[in-house]
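[1] how would this look folded up:
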Amino acid sequence: MAERPILFNDGMVRAILDGRKTQTRRALKHQPPKGCGAIEGPEMFAPTVYVRGEEQPGPEVFGAFSEDGEWSVKCPYGQPGDRLWVREAFALLGNEDGACVDWDDNLQKGDERAAARIYRASCERAEYGLWRIPDKAPWKPYTNDLHYDGAWRPSIHMPRWASRILLEVTAVRVERLQEISEADAKAEGIQPAPGGWWSGADGQSSPTPAGAYALLWESINGAGSWATNPWVWVVEFRVIEPSEVAS
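    Sure, this is the predicted structure:
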């Protein structure tokens, strides 16, 4: 079993915590070249070339490959049974001198791991640039009407010890982006909206879950990215509860 980091934006983190999101699609970093055979996977055997030029199947690799054997790529998200720890925007609370503090104000500067942590996906925007921190949450002790006015650390800079969400990979496959089904679009976290389905991006909606997911994909990957119809990794997962994690 291996552990790897994976980035999610605030909306997707909320969908995971709400139990609405159990899949994620990520474009293959290196797309298959035009004209190669049908794409298969996820198990493959990388060829091993020996000294005398003989080629034989090498160790099993979890990834995708073309039917004609001209192209292959390893899956960067692991295989079923592996774990993904979620990277999201967060902050450490500190005093006016820049020292990290816990909820009792008794930590010294540099003691980041024991500092009180907050997560932007679970906070709400308030007036004057403040963020309202929930009074009660499983990731922090009880507080009363606490606000935060500092800067957030981007998800890419979240260390493993600050992550609060651990996922288990339950299935992986490769497919074209536009092959997504209505059921799979819902599993991506798409929500019902009046008269249709909400994309989660700038209030846009669509009559169908798949249409709403197309809008969401473009909001993340840029205009025209849906039309290119790239090959994507489809990673299915479940949230691992803290009680399941070995101490």
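[2] now do stretch 118-134: distance to the chain's middle.
    The chain centroid and the centroid of stretch 118-134 are separated by 21 Å under CA atoms, centre = their mean, to the nearest Å.
[3] in that stretch, what's buried?
    In terms of neighbour count (16 or more other CB atoms under 10 Å), stretch 118-134 has its buried residues at 118, 119, 120, 121, 122, 123, 131, 133. Where you see a C-beta, it was placed from the backbone N, CA and C, and this is true even at glycine.
[4] out of the residues you listed, flag the one nearest to residue 218.
    Distance to residue 218 across these (CB to CB) is lowest for residue 121, with 21.2 Å.
[5] shouldn't the closest one be within a helix?
    Yes - applying DSSP: H, G, I helix; E, B strand; the rest coil, one finds residue 121 inside a helix.
[6] where in the protein is pLDDT low?
    Residue ranges of the chain with pLDDT under 70: 41, 43-60, 69, 95-110, 141-143, 246-247.
[7] redo that, cut-off 50
    Residues of the chain meeting the criterion pLDDT under 50: 247.
[8] in it, which spans are helices?
    For the chain, helices defined by DSSP state H occupy the ranges 10-17, 182-187, 209-221.
[9] need the ones you listed in CSV (columns: distance to residue 33 and mean neighbour count).
    Below are the helices of the chain laid out as CSV (distance: least, CB to CB, whole Å; neighbours: other CB atoms under 10 Å):
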stretch, distance to residue 33, mean neighbour count
helix 10-17, 31, 20
helix 182-187, 27, 18
helix 209-221, 21, 20
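[10] looking at those helices, which is closest to residue 241?
    Comparing these by CB to CB, helix 10-17 comes nearest, at 12.3 Å.
[11] please name the nearest non-neighbouring residue to residue 226.
    Using CB to CB, 6 or more residues apart in numbering and skipping the chain neighbours, the partner closest in space to residue 226 is residue 214 (4.7 Å).
[12] how about that neighbour, what does it touch?
    Residues in contact with residue 214 (CB atoms under 8 Å, 6 or more residues apart in numbering) are 178, 199, 206, 226.
[13] quick check, the last one in contact with residue 177.
    Yes - using CB atoms under 8 Å, residue 226 is in contact with residue 177, at 6.8 Å.
[14] joint contacts of these two?
    residue 217.
[15] more neighbours: those two, which one.
    Between residue 226 and residue 177, counted using other CB atoms under 10 Å, residue 177 has the larger neighbour count: 20 against 17.
[16] please tell me how far that one sits from residue 116.
    Here residue 177 is placed at a distance of 40 Å from residue 116 (CB to CB, to the nearest Å).
[17] any idea how far apart the tips of stretch 111-119 sit?
    One end of stretch 111-119 sits 18 Å from the other (CA to CA, to the nearest Å).
[18] sorry, slip of the keys, the one I care about is stretch 185-192.
    11 Å.
[19] contacts for it?
    Applying CB under 8 Å, 6+ apart, the external contacts of stretch 185-192 come out as 11-12, 15-16, 20-25, 180, 197-200, 208-210, 212-213, 216, 236.
[20] to the chain's geometric centre, what's the distance from it?
    15 Å.
[21] now do stretch 237-247
    Using CA atoms, centre = their mean, the offset of stretch 237-247 from its chain centre is 16 Å.
[22] neighbours of residue 36, how many?
    Neighbour count for residue 36, taken as other CB under 10 Å: 14.
[23] what's the answer for residue 224, then?
    By other CB under 10 Å, the residues close to residue 224 number 8.
[24] which one is it nearest to, not counting chain neighbours?
    Among residues not flanking residue 224 along the chain, residue 218 sits closest, at 7.5 Å (CB to CB, 6+ apart).
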